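[1] I'd like to go over a predicted model; first the sequence, then the structure.
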Amino acid sequence: MNKSEIEELIKKGESETVEFKEAFDNRTVETAVAVTNTKGGHIIIGVSDQGIKKGVQIGKETLSSWANQISQGTQPRIIPEVESLEIEDKPIAVIQIKEFPIKPVSTKGRCYLRVGNSNRLMTPQDIAEMHLHSTGASWDKTPVPGVTMDDIDPEKIKRYIRRSKDTGRRDVGDDEKPSEILKKLELIEEGKLTWAALLLFRNEAKRLLSQGSIHCGRFKEEIIVIDDRMIEVTIVEQIDEAMDFIRKNINVKFVITGRPQREEVWDYPLEALREALINAVCHRDYTIPSNTEVRIYDDNLTIWNPGGLPLGITMEELFEPHKSILRNKGIGAVLYDIGLIEQWGSGISKMQNLCTNAGIPQPIFKEYQQGFQVEFRKDIYTEEYLHKLGLNERQQKAVHHVKTTGKITNQELRELTGVVIRTASRDLEDLVRKGVLMKMGKTGRSTHYVLTRKLDTNRTNRT
């Protein structure tokens, strides 16, 4: 790398791919492991955590010694590229670490992952998942001992054939045997059925453990259960039955549109809820012995699945155009064939757009150590509700703006309505008094207003 490229890296600060160190030490090898297990990157020696160039003493054998310490201290061995240069008359060393093809790499028996600008010790579960992913495999495509084709329902495979033909994504012959179809789908390995085959096509007699189920509940309060259902059928059937439970336990109103049929308006857009369910059963970690959960409350609905985001993608990347990283490749391929998954990596934006178009807040996505949750919230700020509060036209515009963008400032309200700063302040303060908005930030430019009910986003509905 040339001098200007290094200076640009230093200017941007530490990140998932860049680490600053004032001197080479044992932690440098840990960072090399974390970086190679993630996306690769650079370790810059002679720079403080704050990005201050301090320089480092570099002798004749220093660079080769550092490279050897990294190589000999890692398993499998990392081969770094080390170079030195002067920036502002300070000697700086740059260690370039490439992403390792077969992961994870360890040092002293431990594996690390780069998360943000820090290193995180990987759990045994992380290690197993990373190894499977880096070799092009996935857990759902591993063989299950003690099962045979007698545990598979031929009718469910026939339904798969019909649906995949309808989508045009896979052409399967009607006369092909179920075992042949499963082999083409790579759901038979080493002559044995895989977990994906059972989760997708098992017959009613074959029961799985809790990791093959969806638990649905309708709650009045956290501990008061109104309706409860455990869904233990195959994955595709789970989606349909969970949607039936949801429709039974949320509200719908009928709107006269002038067309022959009335329009159904549900508390939440059904297509968004279905997308969240599909994502849950497709991406959940089936090695965790827990149910996928659907919890319905008076003012929100949550869908929780065991297992956080697959290794290789962060929460920040989730909301940007990103490549699809499948935890369950066998399940994902079949759901794609039958049209449940339309485009890899598009589920988040689809749910957001559907909720926005329906006039309700966008869903809240949360990652836990052992799970991932999507929370849908009702829009209590309807025109009828705002009218009852006695809001003027400017204030209603302010609320609509916050519903769309997430926040509003005094300046934004003035631009929307053409009023002076004092009038905008009075309108916003009145919205705060009425409990519609809450003031955030200190005085000045950092001050903004959000919907009061959005402050509940830190609350979890899990016990």
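    Sure, I can see it.

[2] switch to C-alpha atoms for all contacts and neighbour counts from now on
    Noted.

[3] what sits against the residue nearest the centre of the chain?
    Closest to where the C-alpha atoms of the chain average out (Cα atoms, centre = their mean) is residue 309, at 4.9 Å. Shown in contact with residue 309 (Cα atoms under 8 Å, 6 or more residues apart in numbering): 315, 367, 371-372.

[4] now residue 331
    So residue 331 contacts 140, 196, 200, 282 (Cα under 8 Å, 6+ apart).

[5] Name the member of the residues you listed with the most neighbours.
    In terms of neighbours by other Cα atoms under 10 Å, the contacts of residue 331 top out with residue 196 at 28 neighbours.

[6] A helix includes that residue, no?
    Yes - assessed by DSSP: H, G, I helix; E, B strand; the rest coil, residue 196 belongs to a helix.

[7] my read: it touches residue 332, true?
    No - if you go by Cα atoms under 8 Å, residue 196 and residue 332 don't touch, sitting 9.4 Å apart.

[8] Overlap in contacts, these two.
    Common neighbours of residue 196 and residue 332 (Cα under 8 Å, 6+ apart) do not exist.

[9] where does stretch 396-403 sit relative to the chain's centre, distance-wise?
    For stretch 396-403, the separation from the chain centroid amounts to 28 Å (computed by Cα atoms, centre = their mean, to the nearest Å).

[10] picking up where we left off before, which of the contacts of residue 331 sits closest to residue 173?
    Of all the contacts of residue 331, residue 173 sits closest to residue 200, with 19.3 Å by Cα to Cα.

[11] hey, C-alpha coordinates of the least confident helix or strand in the chain by mean pLDDT in PDB?
    Using mean pLDDT, DSSP states H and E, helix 383-388 stands out as the lowest-scoring helix or strand of the chain, at a mean of 77. C-alpha atoms of helix 383-388 as PDB (Å, rounded to 0.1, in the frame of the first residue of the first chain):
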ATOM      1  CA  GLU A 383     -56.000  10.500  11.900                       C
ATOM      2  CA  GLU A 384     -59.000   9.800  14.200                       C
ATOM      3  CA  TYR A 385     -56.700   9.600  17.200                       C
ATOM      4  CA  LEU A 386     -54.800  12.800  16.300                       C
ATOM      5  CA  HIS A 387     -58.100  14.600  15.700                       C
ATOM      6  CA  LYS A 388     -59.300  13.600  19.200                       C
END
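
[12] about what we covered before: just the ones of the contacts of residue 309 in strands?
    Counting by DSSP state E, the part of the contacts of residue 309 found in strands is 367, 371-372.

[13] Now for those, which sits with the most neighbours around it?
    residue 372 (20 neighbours).

[14] Pull the contacting residues for that residue.
    304-309, 365-366.

[15] Just give the closest residue to it, not the sequence neighbours.
    Distances taken as Cα to Cα, 6 or more residues apart in numbering place residue 308 nearest to residue 372, at 5.0 Å, with adjacent residues excluded.

[16] So that neighbour sits against residue 374, correct?
    No - if you go by Cα under 8 Å, residue 308 and residue 374 don't touch, sitting 11.8 Å apart.

[17] all helices for the stretch 151-300 of the chain, in order.
    154-167, 178-184, 195-201, 235-249, 270-283 (DSSP state H, counting those that start in this stretch).

[18] So for residue 431, which of those helices sits nearest?
    helix 270-283 (30.3 Å).

[19] burial measure for the spatially closest residue to residue 329 that is not a sequence neighbour, as a count.
    Closest residue to residue 329 apart from its sequence neighbours, by Cα to Cα, 6+ apart: residue 138 at 6.1 Å. Applying other Cα under 10 Å, we find 21 residues neighbouring residue 138.

[20] Distance check, residue 138 against residue 277.
    21 Å (Cα to Cα, to the nearest Å).

[21] Also residue 59?
    For residue 59, the distance to residue 277 - Cα to Cα - is 59 Å.

[22] I'd guessed residue 144 sits against residue 189; true?
    No - counting by Cα under 8 Å, residue 144 stays clear of residue 189, with 9.4 Å between them.

[23] quick one, which of the two is more surrounded?
    Remark: of residue 144 and residue 189, residue 144 carries more neighbours, 17 against 14, as counted by other Cα under 10 Å.

[24] contacting residues for that one?
    192-195.

[25] Pretty sure residue 155 is one of the things residue 202 touches, is it not?
    No - look at residue 202 against residue 155 with Cα under 8 Å: they stay out of range, at 10.1 Å.

[26] Which of those two has more residues huddled nearby?
    More crowded of residue 202 and residue 155, by other Cα under 10 Å: residue 202, with 24 against 12.

[27] quick one: contacts for the more buried one?
    151-153, 234.

[28] out of those, which are buried?
    Taking 16 or more other Cα atoms under 10 Å as the criterion, what is buried in the contacts of residue 202 is 151-153, 234.

[29] Quick check on the residue nearest to residue 358 when sequence neighbours are not counted: phi, psi?
    Distances taken as Cα to Cα, 6+ apart put residue 269 closest to residue 358, at 6.6 Å, once the chain neighbours are dropped. Dihedral pair for residue 269: phi -60, psi 120, per degrees, to the nearest 10.

[30] And for residue 109, the neighbour number?
    Residue 109: 9 neighbours (other Cα under 10 Å).

[31] My error: substitute residue 149 in the last question.
    15.

[32] Show the pLDDT at the residue of the chain most remote from its centre.
    Going by Cα atoms, centre = their mean, the residue of the chain most distant from its centre is residue 60, 47.3 Å out. What the model reports as pLDDT for residue 60 is 89.

[33] cool, residue 258 as well?
    64.

[34] now residue 382
    Value for residue 382, per-residue pLDDT: 70.

[35] Can you get me a residue count around it?
    When neighbours are counted by other Cα under 10 Å, residue 382 comes out with 15.

[36] Next up, phi/psi of it, please.
    Backbone phi and psi, for residue 382 under degrees, to the nearest 10, turn out to be phi -80, psi 170.

[37] Would you check how far apart it and residue 431 are?
    Applying Cα to Cα to residue 382 and residue 431 gives a distance of 15 Å.

[38] for residue 395, same thing?
    7 Å.

[39] Same check on residue 340?
    Residue 340 is 43 Å from residue 431, by Cα to Cα.

[40] Looking at those two, which one has more neighbours?
    Set residue 340 next to residue 431 and count neighbours by other Cα under 10 Å: residue 431 wins out with 23 against 18.

[41] Put the alpha carbons of the host helix or strand of that one into CSV.
    Using DSSP states H and E, residue 431 falls within helix 421-433. Taking Å, rounded to 0.1, in the frame of the first residue of the first chain, the C-alpha atoms of helix 421-433 are listed here in CSV:
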residue,chain,number,x,y,z
ILE,A,421,-39.1,29.3,15.1
ARG,A,422,-41.3,30.4,18.1
THR,A,423,-44.4,28.9,16.6
ALA,A,424,-42.6,25.6,15.7
SER,A,425,-41.3,25.4,19.3
ARG,A,426,-44.8,26.0,20.7
ASP,A,427,-46.3,23.3,18.5
LEU,A,428,-43.6,20.7,19.5
GLU,A,429,-43.8,21.5,23.2
ASP,A,430,-47.6,21.0,23.0
LEU,A,431,-47.0,17.6,21.3
VAL,A,432,-44.7,16.7,24.2
ARG,A,433,-47.3,17.8,26.8
